Structures are given as C-alpha cells and as structure tokens.
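Q: sequence plus the predicted model coming up.
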Amino acid sequence: MKTETKVYKSDKFDVEDTAGLSLFLYPNSAFVFAKDKNGANIAVHHHLNLGLEELEQLLSADQLLKQDVPCKVYFHKPVFALIPGLLFQPGQEAEYLIFAGEPSGKHHYFTCGLDSNNLILVSSITSQQQKALESRFPEVSFYHGACSFLSYLFKERFNLIGQEILIDYNGGQMYLAAFTDQELSLFNMFEIESPEDVLKYTLIAMDQLKFDKKHARVSVFGSPEENEITQEWGETYFHHFRMVKPHANQNYGHGFKHLKSENLFEANWQMD
C-alpha cells in the first residue's frame, strides 16, 4: 500500500529544538507532534496508510521519531474499558478487558485517570509494541487515544445541556459520547465508512438513552473540510446540531496555517 506523509512545521523549525514528542496512532494513519522545551509544537507529520499495525516501520521511517527525547504515545484502538474510580483495582486490567474483546497473547496494560480519577480508562498494547517503543525512546508514556477527547468533555461538561451527543470524527472511526444532565452515560468507538454510519450510531444512542430528538443536541468535532458531514447535513437530521472546534491547549509557532485543514481534534487539544 502506498504511503504518504504531510509535513507541517514552524518557519524557524530546527529538529535540534525537539524536546519531546507526542505520537497519535490510528488504525490506518499516524500523527507525530514535535514539541520544544516550552511545550510548543514546532513540527507535525501526518502519515497516511501507516498506522498502529505498522508501528515498527513508522519508527524507522519518521525523522522526528528518531530523536532521543521523551515520547507520549496515544493508541486509538477499540479495545478499552471505562471503570468507575471507586471500583478500579490495580492488577485487574486483564479481567476488565476480557469484556472489551482483547485478543490473546502477551500484553502491556496501562490506565488513564479522568474526571479527577472518578473514571479510569484501561487499555493495552502487545508486548512487542511496548518493546519497540521502550527501546526507541528514553522515556515513554502510554495513553488510549480517547483520553484527550474525554478529558476535554469533562472539562466542558458544565456547558452541556441535559441531553448531549458528542462525536469526535477521524477518517474511518469515531468516538461517540453521550451526557445526560452533565454526567457521562455512554461512550464507545465505532468504525465508519460513510456519514450514514454516523447517523446510524447517533440515532441508536439516542434511542438507547431515550433522548428527546427535539431537545437533544448533537455536536461533531474533527470532520475534515472535504467530508460530507457539514452543518447543512446535520440540520437535515437533527433539531439541534453544530460543528465544533475545541478550545485549544496547544501552542504553535508561525507557519502552521495549513494544519487546520486536517481538522484533527488533537491539533487543538491533547491530554498531557
């Protein structure tokens, strides 16, 4: 399969200024963010058709990933579990993921605390993926890819109305979160092939939660500019619909004006 890399960088980019990396691994693509000593982004690489299953190839091909600096790795994968903080027991991660359909084999487990640790997101990677990353970088932190989206939603929860559906759309997958009276009531990841899939899963969630379709609000983050999901599309099916750009906790140097065309959620907000 042919691979392609889109490069975005600061006008004054120097690879020697890289003090840290953030790597976002999707099933079929990857984003690498290089950060300077102040945490500002100085370069971004978007790899198309090179994702989680090609991790070792990615590590050897990307020039940013050859820097010996700490790296935060975010895995966008369907195997995860959300456990209430009061019920979470360290050491039981494998049992939690049995219900998420974790494949057999040796795994490395990791967790992410959300909403002041009221919710714990549990996920895993293969031992081979763990070894490849830990042998490449002097320091590695592991996160599930949903942590950034969920951390943002919990921060913004008091701006939500009583019935909310919030979607983070990225290529062939989406995260769907539902809040009822500002409390998380549903969260999942879905593979999608068309806007009809987005509509299908949204309506199923509304029916499952008994949301009033005339009252509930649907918000979509991350739909790229060339995608068919637009404000007009949403208003065709929902009474309250909006395309949303998240507030930013990411800083950039000059020269990143074309990055916004990616409409990537993590280009604006990352869980640190």
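A: Good, I have the coordinates.
Q: in the stretch 151-272 of the chain, where is pLDDT below threshold?
A: Across the stretch 151-272 of the chain, the ranges flagged by pLDDT under 70 are 223-227.
Q: run through the strands of it in chain order.
A: Counting by DSSP state E, counting those that start in this stretch, the stretch 151-272 of the chain has strands at residues 163-170, 173-180, 183-191, 217-221, 240-244.
Q: most tightly surrounded among these?
A: Most buried of the strands of the stretch 151-272 of the chain, by mean neighbour count (mean count of other Cβ atoms under 10 Å): strand 163-170, with a mean of 24. In this view, the C-beta of every residue, glycine as well, is placed from N, C-alpha and C.
Q: quick revisit: how about CSV for the strands of the stretch 151-272 of the chain, with distance to residue 100 added?
A: What follows is those, written out as CSV (distance: least, Cβ to Cβ, whole Å):
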stretch, distance to residue 100
strand 163-170, 19
strand 173-180, 14
strand 183-191, 10
strand 217-221, 23
strand 240-244, 28
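Q: closest to residue 114 out of these?
A: strand 183-191 (9.0 Å; Cβ to Cβ).
Q: what packs against the closest one?
A: Here strand 183-191 touches helix 146-156, strand 173-180, helix 195-209, going by 3 or more Cβ pairs under 8 Å, 6 or more residues apart in numbering; DSSP states H and E.
Q: C-alpha coordinates for the shortest one, CSV please?
A: In CSV, the C-alpha atoms belonging to strand 173-180 read as follows (Å, rounded to 0.1, in the frame of the first residue of the first chain):
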residue,chain,number,x,y,z
GLN,A,173,-13.6,5.8,13.0
MET,A,174,-15.4,8.0,15.5
TYR,A,175,-15.8,8.3,19.3
LEU,A,176,-19.4,8.9,20.5
ALA,A,177,-20.1,10.2,23.9
ALA,A,178,-23.5,10.9,25.5
PHE,A,179,-24.1,13.1,28.5
THR,A,180,-27.3,13.1,30.5
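Q: by how many degrees do that strand and helix 195-209 diverge?
A: If you take axes from the mean of the first three to the mean of the last three Cα atoms, to 10 degrees, strand 173-180 sits at 30 degrees to helix 195-209.
Q: partner strands of strand 173-180, with direction?
A: strand 163-170 (antiparallel), strand 183-191 (antiparallel) (DSSP bridges).
Q: what helices or strands is the helix or strand containing residue 81 leaning on?
A: Assigning secondary structure by DSSP states H and E places residue 81 in strand 80-84. Contact partners of strand 80-84 among helices and strands, from 3+ Cβ pairs under 8 Å, 6+ apart: helix 93-98, strand 119-126.
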